[in-house]
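Engineer: Predicted coordinates and the sequence they were generated for:
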Amino acid sequence: MIASLIGSLSRRALGASCIALALTLVAIAPARAELRIDITRGVVEPLPIAIVDFQGEGQSVDIGRNISQVVSADLERSGLFRPLDKASFIQKADSLQVQPRFPDWRVIGAQALVSGTATMQADGRLKVEFRLWDVFAEQQMTGLAYYTTPANWRRIAHIVADAIYKRITGEDGYFDTRIVYIAESGPQNRRQKQLAIMDQDGANHRFLTDGKVLVLTPRFSPTTQEITYLAYFNNRPRVYLLNIDTGQQEVLGDFPGMTFAPRFSPDGNGIVMSMARDGNSDVYVMDLRTRRVKRLTNHPGIDTSPSYSPDGRQVVFNSDRGGSQQLYVMDSEGGNVRRISFGDGRYATPVWSPRGDLIAFTKMNKGRFFIGVMRPDGSGERLLSESYLDEGPTWAPNGRVLMFFRQTQADARGLGGTVKLYSVDLTGRNLREVVTPRDASDPAWSPLIP
Amino acid sequence: MRTKILTMFAALLLVAACETAPDSSATASGAGSSSGSAVSSTTPAGPRAGSQEDLVVNVGDRIFFNFDEYSVRADQRGQVDKWAAWMKRNPSVRVTVEGHADERGTREYNLALGERRAGAIKDALVAQGIDASRLMTISYGKERPAVLGSNDAAWAQNRRGVLVVN
């Protein structure tokens, strides 16, 4: 467990400058149930957690305080943790570095405690250490150290938050991730849309396109720093690839008709998408290495919004072949097509969870829009959000949280409608707006940053 | 908004009726429809034959669709007939057929639906003898509503196919 944690962290090298080390880890006493959040049950009361400012010196004082703020905000937004007010802390940070006085933390209601340091090394690197304590068992649950450039403190904070989340929930975290989305401005009939990217908490926001060309539906590669999206360059709507680091982009293939609704295969080597010919849309897959295209559906109905299962063996897609928009699953070669959605209303935008256990979708029924999930066989449908227009779910890499966009109703003069990003957990209880500088739609969650 | 459209619509009719169309004012309205189109395009002061303005003012540049449907509605077929006749009168004109959807659908499905609508119009024109090479199609899905507003009247105007002269 510890070895694997270290392994996964060291793979996420920050340049070549981040090294994770395990600090002393005390075995958990078997007699006592360890501190744990079971996130499959839907938490009613978030876990009270005390997160002390990471101790710094000189220029790292601010960094230490900022790290603890980012960790605290990440954990709070998950809905699973309740960071306690720092003003209530009894034990001071400097003595805490020696040993926690656990009664001081119990008396303010903390069940978990996070302490840490941020120190500048002689070689100019920043060393960040943290320890997570079980206040009632009076034991350290985990402890790690990282070396990085000072400018990278924010990523280290997200990695620390992921480590805490994983240690307490048993699930991978999702804080060291990014969101690519469509930033919107201007009136709806002359809407300007730009590709934009930001950290999952909204930091490090930047635009990737200038808004002169209509762009839609960006999606992350599971393996590289690339996104695929739809752009209307020269009024020809086609699927494009964009390298986020280099800014290089290319059109995917040379097709006579519109290509749209792209999504990467789980190994990152293919893109499944819709192609329109003579007005009809079918699903195709392109191998990015050979550029060969294979047709997966051949039906006079609309076939679009394809999404692979994480094992790459199946594809869920949206089709009106039965008379109304519904969800269908087929084998990755295109065979064995079966309908999986049978509830009231229309279903759209299916997205397979990275865990494989659920398919998220948009549902339309009686003039309302919903985000929901169902099992891949169509059973167990649960609706997580509802509004005038909720659309386009995307999964956090741990398969426990969804992000989507919500459009509000315009008034009779066409004014007042807004489009914003929201996140919601699988219980549907923790619905939050994801704050963006402008209106925002079509979010896509990255994998954990490598 | 609706009042504004009605006003523009009225202005169009007025322009058409008095046959002294000064020129440009009507082109940008976009609210044109199949009515008010029985005007000769030879009016000296009128728009140049075969231009977008000619299409909007004298023929009508758009038809409307039912919710989640793409077949050309019976009450819109007359407009398609007028397009075919107009394209025959202006044999050098090439057009792009735009397919649009209202906001009450999901983005990708609406792109496919807009493509269907554009394709249905193209098929209808080809069936009337227009060469397919003169007809491009493009779908904007729900990205370019003609009318702002979250209500039935706006949505009905936005579920449309539009002819744009290349």
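Structural biologist: Sure thing, it's come through. Numbering: from 1, shown residues only, chains lettered A, B, ... in the order given.

Engineer: can we go C-alpha only for contacts and neighbour counts from here?
Structural biologist: OK.

Engineer: Report the secondary structure element holding A:Leu327.
Structural biologist: Using DSSP states H and E, A:Leu327 sits in strand A:326-331.

Engineer: again with A:Arg219
Structural biologist: Per DSSP H and E: A:Arg219 is located in strand A:215-220.

Engineer: Tell me which residues are up against the strand holding A:Leu327.
Structural biologist: The contact list for strand A:326-331 (CA atoms under 8 Å, 6 or more residues apart in numbering or on different chains) reads A:313-320, A:336-342, A:346-348, A:350, A:376.

Engineer: about what we covered before: run through who's touching the strand holding A:Arg219.
Structural biologist: So strand A:215-220 is contacted by A:180-182, A:193-195, A:226-232, A:261-264, A:442-447 (CA under 8 Å, 6+ apart).

Engineer: A helix includes A:Val71, no?
Structural biologist: Yes. Counting by DSSP: H, G, I helix; E, B strand; the rest coil, A:Val71 is found in a helix.

Engineer: Look up how far A:Pro237 lies from the nearest residue to it once chain neighbours are set aside.
Structural biologist: Excluding its sequence neighbours, the residue lying closest to A:Val71 (CA to CA, 6 or more residues apart in numbering or on different chains) is A:Ala161, at 5.1 Å. From A:Ala161 over to A:Pro237 the distance is 40 Å, taken as CA to CA, to the nearest Å.

Engineer: picking up where we left off before, and chain B, which of the contacts of strand A:215-220 reach it?
Structural biologist: The residues of those that also fall near chain B, by CA under 8 Å from any CA of the partner chain, are A:Ala261.

Engineer: quick revisit: for A:Val52, see how far away the residue nearest to A:Val71 is.
Structural biologist: Relative to A:Val52, and taking CA to CA, A:Ala161 is found at 13 Å.

Engineer: List, one by one, the residues from the stretch 101-250 of chain A near chain B.
Structural biologist: A:188-191, A:235-237.

Engineer: Identify, from the residues you listed, the entry nearest to chain B.
Structural biologist: A:Asn189 (5.0 Å; CA to the nearest CA).

Engineer: Looks to me like the closest one is in a strand.
Structural biologist: No. A:Asn189 is assigned helix when assessed by three-state DSSP, not a strand.

Engineer: Pull the contacting residues for it.
Structural biologist: B:143-148.

Engineer: Any idea which helix or strand in chain B has the lowest mean pLDDT?
Structural biologist: Ranked by mean pLDDT, DSSP states H and E, the weakest helix or strand in chain B is helix B:2-18, scoring a mean of 40.

Engineer: for the helix or strand following that helix, what is the average pLDDT?
Structural biologist: Using DSSP H and E, the next helix or strand after helix B:2-18 towards the C-terminus is helix B:52-54. Per-residue pLDDT values across helix B:52-54 average out to 96.

Engineer: need the next SSE after helix B:52-54, C-terminal direction.
Structural biologist: strand B:62-64.

Engineer: Next, the buried residues of the helix or strand just after that next one.
Structural biologist: Using DSSP H and E, the helix or strand that follows strand B:62-64 in sequence is helix B:77-89. Of the residues in helix B:77-89, B:79-80, B:82-87 count as buried by neighbour count, 16 or more other CA atoms under 10 Å in any protein chain shown.

Engineer: So what's the residue count around the residue of chain B found nearest chain A?
Structural biologist: Scanning chain B for proximity to chain A using CA to the nearest CA identifies B:Gly149 as nearest, at 3.6 Å. B:Gly149 has 24 neighbouring residues, counting by other CA atoms under 10 Å in any protein chain shown.

Engineer: if I pick it, what's in contact with it?
Structural biologist: Contacts of B:Gly149 by CA under 8 Å, 6+ apart are A:409-415, B:1, B:155.

Engineer: pLDDT weak spots in the chain?
Structural biologist: With no chain named, the answer covers chain A. For chain A, the stretches flagged by pLDDT under 70 are A:1-33, A:40-44.

Engineer: I was thinking of chain B, sorry if that wasn't clear
Structural biologist: Scanning chain B for pLDDT under 70 picks out B:1-45.

Engineer: what does it put close to chain A?
Structural biologist: Counting by CA under 8 Å from any CA, chain B sits next to chain A at B:1-2, B:104-106, B:108-109, B:112-113, B:115-120, B:138, B:143-151.

Engineer: Show me how far stretch A:344-353 is from its chain's centre.
Structural biologist: Chain-centre distance of stretch A:344-353: 19 Å, with CA atoms, centre = their mean, to the nearest Å.

Engineer: coming back round to it: out of the contacts of B:Gly149, which are buried?
Structural biologist: Buried among those by 16+ other CA under 10 Å: A:409, A:413-414, B:155.

Engineer: Which residue is it, in the stretch 301-450 of chain A, that comes closest to chain B?
Structural biologist: Minimum separation of the stretch 301-450 of chain A from chain B (CA to the nearest CA) falls at A:Gly414, amounting to 3.6 Å.

Engineer: Around A:Ile344, how many other residues sit close by?
Structural biologist: Wrong residue type there; residue A:344 is Asp, not Ile. 10.

Engineer: actually A:Asp94, not the one I typed
Structural biologist: By other CA under 10 Å, neighbour count at A:Asp94 equals 11.

Engineer: Doesn't it belong to a helix?
Structural biologist: Yes. Per three-state DSSP, A:Asp94 lies within a helix segment.

Engineer: hey, what's the closest residue to it other than its chain neighbours bridged with?
Structural biologist: When the adjacent residues along the chain are set aside, A:Asp94 lies closest to A:Gln55, with 7.4 Å between them (CA to CA, 6+ apart). Beta-bridge pairing for A:Gln55 (DSSP bridges): A:Thr117.

Engineer: Now for A:Gln55, how many residues are close by?
Structural biologist: Neighbours of A:Gln55 (other CA under 10 Å): 23.

Engineer: swap in A:Asp278?
Structural biologist: Residues near A:Asp278, counting by other CA under 10 Å, number 15.

Engineer: Could you check how far it is from chain B?
Structural biologist: Here the distance between A:Asp278 and chain B works out to 6 Å (CA to the nearest CA, to the nearest Å).

Engineer: Would you mark the buried spots in stretch A:368-382?
Structural biologist: In stretch A:368-382, counting by 16+ other CA under 10 Å, buried: A:369-376, A:378, A:381-382.

Engineer: which of the residues you listed sit farthest apart?
Structural biologist: Greatest spacing in the buried residues of stretch A:368-382, by CA to CA: A:Phe369 and A:Pro376 (20.8 Å).

Engineer: circling back to that earlier point, out of the contacts of strand A:326-331, which touch chain B?
Structural biologist: Answer for the contacts of strand A:326-331 near chain B (CA under 8 Å from any CA): A:318, A:348.

Engineer: okay, the angle between the helix or strand hosting B:Gly99 and helix B:77-89?
Structural biologist: Assigned by DSSP H and E, B:Gly99 belongs to strand B:95-100. If you take axes from the mean of the first three to the mean of the last three CA atoms, to 10 degrees, strand B:95-100 sits at 160 degrees to helix B:77-89.

Engineer: ok, back up a step: just list the residues touching the residue nearest to A:Asp94, thanks.
Structural biologist: By CA under 8 Å, 6+ apart, the contact list for A:Gln55 reads A:61, A:64-65, A:93-94, A:116-119.

Engineer: where does it sit relative to A:Thr148, distance-wise?
Structural biologist: 16 Å.

Engineer: Likewise for A:Leu288?
Structural biologist: Shown here: A:Leu288 relative to A:Thr148, a distance of 34 Å by CA to CA.

Engineer: These two: who's more crowded?
Structural biologist: Per other CA under 10 Å, whichever of A:Leu288 and A:Thr148 has more neighbours is A:Thr148, with 24 against 15.
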